[in-house]
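K.L.:
Return atomic coordinates for the entry below.
(chains A, B and C)
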Amino acid sequence: MISSLIVAVLQQIPEGFERVTGGQQVEQIPAAPLVVASYAFFLLLMVFYLWTIWRRIGKVETDMRALEQRQGQKR
Amino acid sequence: MKKLFVPLAVIVAAMFVAAPIAIARADYESTMLLVQKIFYFHFATWMALTVAIGVCGVASVIYLFKGSKAADWYAAASAELCVIFGVFGLFSGSLWGRKAWGVWWQWDARVTMATMLVLVFLGYLMVRKYGGPGSEKLSAAMGIFGAATAPFVYKSVDWWRTIHPQTTVMKTLGEKWPGAWMLVWFCSLAFILLTVLLLVARVHLEAMRSRLDDMYLAAEE
Amino acid sequence: MRPGFVTVALLVLKKDLAIEFKSREIVYTTLFFAVACVMIFSFAFVMEEGVPVEGAAAGILWIAVAFSGTLALGRTFERERYSETLRALLLAPASRAAVYAGKLLGMILMMAATEIVLTPMVAFFFHAPFFARPLLLVALLGLGTVGFASVGTLFAAMLVRTRTRDVLLPILLYPITIPVIIAGVRGTAALLQSPPEEPVATLWIGLLTAFDVVFLTLALWTFEPLMTE
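P.N.:
A predicted model of the protein is given here:
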């Protein structure tokens, strides 16, 4: 039984380099995630930037209203 | 200005919906296949950056020599856009380079100079935030010097044959592959219009801040 | 009668040199700092067998020049700020650009003094044949110094009244001077090859000249509005 096992293992070790004819060449670095990541990052960046502008405008508006209230109270 | 904002926003939104569809449908490039599709936004973002840098440089000069407050708003707004578009340009370039060059980063002439530009405008934002009173003038100096080095960034890739594609790529694309050429310029137009849109929004914030400052000053009297 | 541009510039230079000769404070401290820089790089970049990393010498020289230059800039204008002489200078009936030129000349001399000490030192510690083409080396160092100092003097002067000037000066100065440093390092590295690559070095010298012209022009043009309150 051991000998048949050894034979089975030996048969799987390639003798040398083997040529793959036809068939698809597998790319080493997949491109799709990179492309998707690039466009997704752009979308995120735009959303983030617009959000910061909106947030800052909100802060200024709050300050303005507070100031107007104080002015109204003084009078 | 205000009345154009909404129509412009609609146009830009439409262009940004159409663009990815067109990009997905575009043909593959011969050697780089799928990953070359990053190019359409990558080139477009550098176009947007060029516009933003130009606005910042000119606005900084006007502010420094004429003292126009509105010019200062435009300078500050466009500096932020320089950083945003520059960061995206570097990021997309890095992802593309990972596949095309095998490495995430290369210190080639244009990548280095582009990084420098982003750092310059980050410095612009830093000095505005932490420079105390009078920092608008200091940042204007940064804007002017940054804008002055921009032509060198563009030409750098022609002077040194490095790993980065040269400016001849775009010049010959029109003849060799008109479909891609049109798509690139469509994306660039979309990005430039987006820049205008963001600029208007951001300048509006600066104008409001300025009004708030005036209100504070009036309240103290 | 308003004194001419060159007269004012030389007067400012003479004043700075006179003050510096009395105490020699900035010269000595800057030189010592530069030497300390090179020492730290030596420990960082020399490998176990005692052999320095290949090609590190050019970069180390220019980094030491940039760091000590920044220090000298800060110290020079700190001195002006402390004695409040800058305002007096600006109030003088002289062209502001001439005042800038005088301060720039002083800065260039200061950096040149540092480089005269640093270059042989780096050559010695890193086995780098800097003096194979001395004229090209002087051109590189000289033009690089002018480029660095022109932007540095402007920025240091404009930051004088800012509270966070010490940290803002490097933040603003280093990105703008990246092209100058790159050109300097690449040109110097080309000279260190065996045999020295003269055409490459000349190319970088040409680029440095272009940067110097742009930066000097911009600095002279913007000094006046920047320094006015």
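
K.L.:
Can you tell me the closest non-neighbouring residue to the residue of chain B found nearest chain C?
P.N.:
Of all residues in chain B, B:L119 sits closest to chain C, at 3.8 Å by CB to the nearest CB. All C-beta atoms are positioned from the backbone trio N, CA, C, and that covers glycine. Among residues not flanking B:L119 along the chain, C:P175 sits closest, at 3.8 Å (CB to CB, 6 or more residues apart in numbering or on different chains).

K.L.:
mind checking pLDDT for the one you found?
P.N.:
Looking at C:P175, its pLDDT stands at 94.

K.L.:
What distance do you get for it to B:T115?
P.N.:
For C:P175, the distance to B:T115 equals 9 Å [CB to CB, to the nearest Å].

K.L.:
For the helix or strand where C:A157 lies, buried residues please.
P.N.:
Secondary structure assignment for C:A157, by DSSP states H and E: helix C:134-158. Under the neighbour-count criterion of 16 or more other CB atoms under 10 Å in any protein chain shown, helix C:134-158 has C:136-137, C:139-158 buried.

K.L.:
wait, isn't C:L140 in contact with C:A190?
P.N.:
No - in this structure, C:L140 is not within contact of C:A190 by CB atoms under 8 Å, at 9.2 Å.

K.L.:
Need the overlap of contacts for those two.
P.N.:
With contacts defined as CB atoms under 8 Å, 6 or more residues apart in numbering or on different chains, the residues shared by C:L140 and C:A190 are C:A201, C:W204.

K.L.:
What residues sit buried inside stretch B:102-112?
P.N.:
Per 16+ other CB under 10 Å, stretch B:102-112 contains these buried residues: B:Q106, B:D108, B:A109, B:R110, B:V111, B:T112.

K.L.:
my guess is the first one meets B:R98, correct?
P.N.:
Going back to what we said before, that points to B:Q106. No - contact criterion CB under 8 Å: B:Q106 and B:R98 do not qualify, at 10.3 Å.

K.L.:
what's the spacing between stretch B:84-102 and its chain's center?
P.N.:
Stretch B:84-102 has its C-alpha centroid displaced from the chain centroid by 14 Å (CA atoms, centre = their mean, to the nearest Å).

K.L.:
That stretch near chain A anywhere?
P.N.:
Yes - contact between stretch B:84-102 and chain A, assessed by CB under 8 Å from any CB of the partner chain, occurs at B:I84, B:V87, B:F88, B:F91, B:S92, B:L95, B:W96, B:R98, B:K99, B:G102.

K.L.:
Would you mind listing what in chain B touches chain C?
P.N.:
Checking chain B against chain C by CB under 8 Å from any CB, the hits are B:64-65, B:112-113, B:116, B:119-120, B:122-123, B:126-127, B:130-132, B:134-135, B:137-138, B:140-142, B:144-146, B:148-149, B:152, B:159.

K.L.:
Pull out the buried residues from those.
P.N.:
B:64, B:112-113, B:116, B:119-120, B:122-123, B:126-127, B:131, B:135, B:137-138, B:140-142, B:144-146, B:148-149, B:152.

K.L.:
Where helices are concerned, which of those count?
P.N.:
Using DSSP state H, the subset of those located in helices is B:64, B:112-113, B:116, B:119-120, B:122-123, B:126-127, B:135, B:137-138, B:140-142, B:144-146, B:148-149, B:152.

K.L.:
Looks like C:E80 contacts C:V160 (just checking).
P.N.:
Yes - taking CB under 8 Å as the definition, C:E80 is a contact partner of C:V160 at 6.7 Å.

K.L.:
tell me, what's touching these two both at once?
P.N.:
Any residue near both C:E80 and C:V160 by CB under 8 Å, 6+ apart counts here, and that gives C:L86.

K.L.:
Between these two, tell me which one has more neighbours.
P.N.:
C:E80 (20 against 15; other CB atoms under 10 Å in any protein chain shown).

K.L.:
which intervals of chain A have sub-threshold pLDDT?
P.N.:
A:1-27, A:75 (pLDDT under 70).

K.L.:
In it, what residue comes closest to chain B?
P.N.:
A:A31 (3.9 Å).

K.L.:
so that residue sits right up against B:L34, yeah?
P.N.:
Yes - applying CB under 8 Å as the test, A:A31 and B:L34 come out as touching, 4.1 Å apart.

K.L.:
So which of these two has more stuff around it?
P.N.:
Per other CB under 10 Å, whichever of A:A31 and B:L34 has more neighbours is A:A31, with 20 against 15.

K.L.:
can you tell me the helix or strand for C:V8?
P.N.:
Assigned by DSSP H and E, C:V8 belongs to helix C:5-23.

K.L.:
So what does B:D27 have for phi and psi?
P.N.:
phi -70, psi 160 (degrees, to the nearest 10).

K.L.:
Can you verify my assumption that it contacts B:K37?
P.N.:
No - the pair B:D27 / B:K37 is not scored as a contact, 9.9 Å apart, by CB under 8 Å.

K.L.:
sorry, back to before: quick check: of the residues of stretch B:84-102 next to chain A, which has the highest neighbour count?
P.N.:
Using other CB under 10 Å as the neighbour criterion, B:S92 leads these with 26 neighbours.

K.L.:
Now do the contacts for that one.
P.N.:
Taking CB under 8 Å, 6+ apart, we find B:S92 in contact with A:S38, A:F41, A:F42, B:I38, B:F41, B:H42, B:T45.

K.L.:
centre of the chain versus the helix or strand hosting it, how much separation?
P.N.:
For B:S92, the host element (DSSP H and E) is helix B:69-100. Counting by CA atoms, centre = their mean, helix B:69-100 is centred 4 Å from the centre of its parent chain.

K.L.:
quick one: low-confidence parts of chain C?
P.N.:
For chain C, the stretches with pLDDT under 70 are C:1-2, C:48, C:229.

K.L.:
From B:T149, how far off is the residue of chain C found nearest chain B?
P.N.:
Nearest residue of chain C to chain B (CB to the nearest CB) works out as C:P175 at 3.8 Å. The gap separating C:P175 from B:T149 is 9 Å, by CB to CB.

K.L.:
Mutual contacts of these two, please.
P.N.:
Common contacts of C:P175 and B:T149 (CB under 8 Å, 6+ apart): B:M116, B:V120.

K.L.:
in what helix or strand does the residue nearest the centre of chain B lie?
P.N.:
Taking CA atoms, centre = their mean as the criterion, B:L49 is the residue nearest the geometric centre of chain B, at 1.9 Å. Per DSSP H and E: B:L49 is located in helix B:39-66.

K.L.:
Can you check which helix is longest in the chain?
P.N.:
You didn't pick a chain, so chain A it is. helix A:32-74.

K.L.:
You answered for a different chain; I wanted chain B.
P.N.:
If you go by DSSP H, chain B has its longest helix at helix B:178-220.

K.L.:
now that one and helix B:69-100, what's the angle there?
P.N.:
Inter-element angle recorded for helix B:178-220 and helix B:69-100: 140 degrees (by axes from the mean of the first three to the mean of the last three CA atoms, to 10 degrees).

K.L.:
Compute the inter-axis angle for helix B:178-220 and helix B:39-66.
P.N.:
For helix B:178-220 against helix B:39-66, the angle by the same axes, to 10 degrees is 40 degrees.

K.L.:
Is any residue of helix B:178-220 near chain A?
P.N.:
Yes - counting by CB under 8 Å from any CB, chain A is contacted by helix B:178-220 at B:194, B:198, B:201-202, B:204-205, B:208-209, B:211-212, B:215-216, B:219.
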